[in-house]
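Engineer: turn this into a structure:
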Amino acid sequence: MKVNKIIAVKLLLSLVIMIGFTSCSKKSDSKGGSKATGWKINDKKGGFQYASKFKKQATGPGLVMVEGGTFTMGKVQDDVMHDWNNTPNQQHVMSFYMDETEVTNMMYMEYLNWLKTVFPPDQENYKNIYEGASPDTLVWRNRLGYNETMTNNYLRHPAYAEYPVVGVNWIQATEFAIWRTDRVNEKILEDQRFLKKDSKVTDMTADKVFSTEAYLASPSTAKGGDTNLVLQKGQKAGKAPKAAAGSTNTAGNSPKNVYAQRSSGLILPEYRLPTEAEWEYAAAADVGQREYNAYKGQKKYPWSGTYTRSGKRQVRGDQLANFKQGKGDYGGIAGWSDDGADITNKVKSYPPNDFGLYDMAGNVAEWVADVYRPIVDDEANDFNYYRGNVYMKNKIGEDGKVELVTAETQKFDTLSNGKIVSRNFPGQIAQTPVDENETYLRQNFDKSDNRNYRDGDKQSTRYFKFGNSEEGDEKGKLRDDQRMYDSPKHNVSTDSLGNMVKKYDKSNKRTTLVNDDVRVYKGGSWRDRAYWLDPAQRRYFPQDIATDYIGFRCAMSRVGPKADKKKRPRN
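Structural biologist: Okay, here's the model as predicted:
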């Protein structure tokens, strides 16, 4: 009997201990304890800070959600060019966000106004910034056409405010996206009281420019290090912070007196140009199709059907896009078969596709991020395909801190057409190419510039000899006439007096425009026939030259789940 009582007591004690541990665990979890260590998360006394109440990424201004998936990239209904430029291949893209419309003249004018205010063109240090970002309004001129009205009015006149901006080259489009990222995140942080109220307006000077990446790297040095502008949570302008710099905010459930960081969940990813795969996927919008042929890439336009006119009863016969309908016919017969536009048209003038995106066919063609090559190398990659990666890293100074661009260290590029553009602005983090410290023994990349990976490098040329010998100079480099792509080599230099000298390659032996500085543009425009409205069509143009028919829209990557879907109930 005694033995049984002892066993019973031991069992009872064990049960009590187990219940105690369970209750402690639940108690720890209920109070925000770590599942790994049991320590509290977001403790007011310090420690690890994290946005444990984060739900989902906010949708940035102007964007709509594009749920990712698989599709047949490059499949066209009609291939009258027969240039093997659209070989079908299966690709998968992750979910992302894309601008509902093309970037308009009003949106771009806001950018120009900001540049002119912050970097006055009459100052020597900044004289090339505003001019370098300004669209080329002379793209409207034609030797045998009177287009001076557009040359003088299209960009700035309020009648064209909601029309897509043109005359913008690829480089200018990417710089606009960087500026937009910083302005959007600047407003978010100001609304959340991490920045002084209205500082983006009242304190907008060249030495106090806000940069998202600079703020994330070192909040205390952002906005020129002015602590009256860069606040910690709970701090008021003009008062010293109460907590040590470097701790992070947790989007509403953190201790006070901290800076925002990536772990806050507040700061949005960067605005950027969409990749070719993203743009084509978004334009095709197979999400609205439940037919087998559509899934296999048989959809000819961003809308359903094989015609460019609407079949709906109320608007039957109306054009679904703005394009050139025939020789000498840019809009149709007035008052009858009219598409509503001679040149470009106001955004949202035509129905959106099934993703809610407007003008993915017609109006203006659009720059995408990719460097052009005749083929899409799906053997190398079939997930989030993109050609154009140039990996950079933050430049670290001798003091171990990141270096910020200043008016003295700002760099300008002289393009092949002589235009001077700025590639960075004061307040941003200086960048430098990745080196062997990042590439050593890596399997996924081995250099900074990957634009010509597997196509365009010396191994790809017909002159390359495998083994110990290869035709070329003594160092194994290919001569200029042995490059894979025989593109023109224009050159801009300066003479001994500092005057610009432009050298134009007039050779008639050049066989292509393809090189590492040529970018893809997608979609038809007001100048194009219906053939180019197919989302799979692809063309290319030098990245530093603008036209009157190429515009752009921005995209943003999505972090977290593929879509905001409710969890399926378990059986």
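Engineer: run through this protein and note the low-pLDDT ranges.
Structural biologist: Scanning the chain for pLDDT under 70 picks out the ranges 1-32, 44-47, 201-202, 233-257, 288-298, 336-337, 457-483, 566-571.
Engineer: biggest strand in it by residues?
Structural biologist: For the chain, the longest strand by residue count, based on DSSP state E, is strand 365-371.
Engineer: residues contacting it, please?
Structural biologist: The contact list for strand 365-371 (CB atoms under 8 Å, 6 or more residues apart in numbering) reads 102, 168, 170, 173-174, 272-276, 278-279, 386-388, 451-452, 516-525, 528, 532, 539, 549-553. Where C-beta positions appear, they are placed from N, C-alpha and C, glycine not excepted.
Engineer: helices or strands up against the helix or strand just after it?
Structural biologist: Next helix or strand after strand 365-371 toward the C-terminus (DSSP states H and E): strand 392-394. If you count contacts as 3 or more CB pairs under 8 Å, 6 or more residues apart in numbering; DSSP states H and E, strand 392-394 packs onto strand 431-433.
Engineer: contacts for the following helix or strand past the strand it packs on?
Structural biologist: Next helix or strand after strand 431-433 toward the C-terminus (DSSP H and E): helix 436-439. The list of residues contacting helix 436-439 from outside it, by CB under 8 Å, 6+ apart, reads 391, 393, 445-447.
Engineer: return the distance of the helix or strand following helix 436-439 from the chain's centre.
Structural biologist: The element immediately downstream of helix 436-439 (helix or strand, assigned by DSSP H and E) is strand 491-494. Once both centres are worked out by CA atoms, centre = their mean, to the nearest Å, strand 491-494 turns out to sit 30 Å from its chain's centre.
Engineer: buried stuff in strand 491-494?
Structural biologist: Buried residues in strand 491-494, defined by neighbour count with 16 or more other CB atoms under 10 Å: residue 492.
Engineer: packing partners for it?
Structural biologist: For strand 491-494, where contacts count as 3+ CB pairs under 8 Å, 6+ apart, the packed elements are strand 500-503.
Engineer: parallel or antiparallel, list what pairs with the strand it packs on.
Structural biologist: Strand 500-503 pairs in its sheet with strand 491-494 (antiparallel), by DSSP bridges.
Engineer: on that earlier part again, mind telling me the two of the contacts of helix 436-439 farthest from one another?
Structural biologist: Spanning the widest gap among these are 393 and 446, at 15.2 Å by CB to CB.
Engineer: can you point out the buried residues in stretch 348-356?
Structural biologist: Residues 349-350, 352-353, 355 are the ones in stretch 348-356 that count as buried (16+ other CB under 10 Å).
Engineer: now swap in stretch 427-444 and tell me
Structural biologist: Residues of stretch 427-444 classed as buried under the neighbour-count rule (16+ other CB under 10 Å) are 427-431, 434.
Engineer: make JSON lines out of those residues and add distance to residue 315.
Structural biologist: Shown next, in JSON lines, are these (distance: CB to CB, whole Å):
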{"residue": "427", "distance to residue 315": "49"}
{"residue": "428", "distance to residue 315": "47"}
{"residue": "429", "distance to residue 315": "51"}
{"residue": "430", "distance to residue 315": "54"}
{"residue": "431", "distance to residue 315": "50"}
{"residue": "434", "distance to residue 315": "53"}
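Engineer: which one is residue 511 nearest to, not counting chain neighbours?
Structural biologist: Spatially, and ignoring its direct neighbours in sequence, residue 511 is nearest to residue 486 (4.6 Å; CB to CB, 6 or more residues apart in numbering).
Engineer: out of the buried residues of stretch 348-356, who's nearest residue 97?
Structural biologist: For the buried residues of stretch 348-356, the minimum distance to residue 97 (CB to CB) is 10.5 Å, reached by residue 355.
Engineer: that closest one and residue 64 touch, don't they?
Structural biologist: Yes. In this structure, residue 355 is within contact of residue 64 by CB atoms under 8 Å, at 6.6 Å.
Engineer: what touches both of the two?
Structural biologist: residue 98.
Engineer: I'd assumed residue 100 was in contact with residue 66.
Structural biologist: No. Applying CB under 8 Å as the test, residue 66 and residue 100 come out as separate, 10.7 Å apart.
Engineer: compare those two (neighbour count), which wins?
Structural biologist: Neighbours per residue (other CB atoms under 10 Å) separate residue 66 from residue 100, with residue 66 holding more: 23 against 17.
Engineer: check contacts around residue 505.
Structural biologist: By CB under 8 Å, 6+ apart, residue 505 lies in contact with 488-491.
Engineer: can you flag the buried ones in those residues?
Structural biologist: By neighbour count, with 16+ other CB under 10 Å, the contacts of residue 505 hold residue 490 as buried.
Engineer: adding distance to residue 382 as columns, could you present the contacts of residue 505 in CSV?
Structural biologist: Converted to CSV, those look like this (distance: CB to CB, whole Å):
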residue, distance to residue 382
488, 33
489, 34
490, 36
491, 38
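Engineer: what about residue 97, helix or strand, and which?
Structural biologist: For residue 97, the host element (DSSP H and E) is strand 96-99.
Engineer: pull the residues that contact that strand.
Structural biologist: For strand 96-99, the surrounding residues in contact (CB under 8 Å, 6+ apart) are 59-60, 62-66, 68, 274, 278-279, 282, 355, 357, 553-558.
Engineer: out of these, which are inside strands?
Structural biologist: 63-66, 555-557.
Engineer: filter the residues you listed to the buried ones?
Structural biologist: Neighbour-count burial (16+ other CB under 10 Å) is assigned, among the ones in strands among the contacts of strand 96-99, to 63-64, 66, 555-557.
Engineer: how about those in TSV, adding distance to residue 193?
Structural biologist: Shown next, in TSV, are these (distance: CB to CB, whole Å):
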residue	distance to residue 193
63	24
64	29
66	32
555	29
556	24
557	27
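Engineer: what two of those are the furthest from one another?
Structural biologist: By the measure CB to CB, 64 and 557 form the most distant pair in those, at 14.2 Å.
Engineer: tell me where the protein has helices.
Structural biologist: Listed in chain order, the helices of the chain (DSSP state H) span 2-30, 105-118, 127-133, 148-153, 170-191, 199-202, 212-217, 276-284, 292-295, 436-439.
Engineer: using CSV, write out every CA atom in the third one.
Structural biologist: Included here for helix 127-133 are C-alpha records, laid out as CSV according to Å, rounded to 0.1, in the frame of the first residue of the first chain:
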residue,chain,number,x,y,z
LYS,A,127,23.2,73.4,-62.8
ASN,A,128,23.0,70.0,-64.5
ILE,A,129,20.5,68.3,-62.2
TYR,A,130,17.3,69.9,-63.4
GLU,A,131,18.3,70.0,-67.0
GLY,A,132,19.4,66.4,-66.9
ALA,A,133,16.1,65.2,-65.6
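Engineer: which secondary structure elements does that helix contact?
Structural biologist: Secondary-structure packing of helix 127-133 (3+ CB pairs under 8 Å, 6+ apart): helix 105-118, helix 170-191, strand 420-422.
Engineer: for the most centrally placed residue in the chain, give me its contacts.
Structural biologist: Nearest to the mean C-alpha position of the chain, counting by CA atoms, centre = their mean, stands residue 272 at 1.3 Å. Residue 272 makes contacts with 174, 177, 369, 554-557, as judged by CB under 8 Å, 6+ apart.
Engineer: which of these sits closest to residue 231?
Structural biologist: residue 556 (26.0 Å).
Engineer: wait, doesn't the closest one sit right on residue 268?
Structural biologist: Yes. At 6.8 Å, residue 556 and residue 268 qualify as touching, with contact defined as CB under 8 Å.
Engineer: shared neighbours of the two, anything?
Structural biologist: residue 60.
Engineer: you'd agree residue 231 is up against residue 193?
Structural biologist: Yes. Counting by CB under 8 Å, residue 193 is a contact partner of residue 231 at 6.5 Å.
Engineer: and the ones in strands among the contacts of strand 96-99, which two are the farthest apart?
Structural biologist: Greatest spatial distance among the ones in strands among the contacts of strand 96-99 (CB to CB): 64 and 557, at 14.2 Å.
Engineer: fine, thanks again, bye for now.
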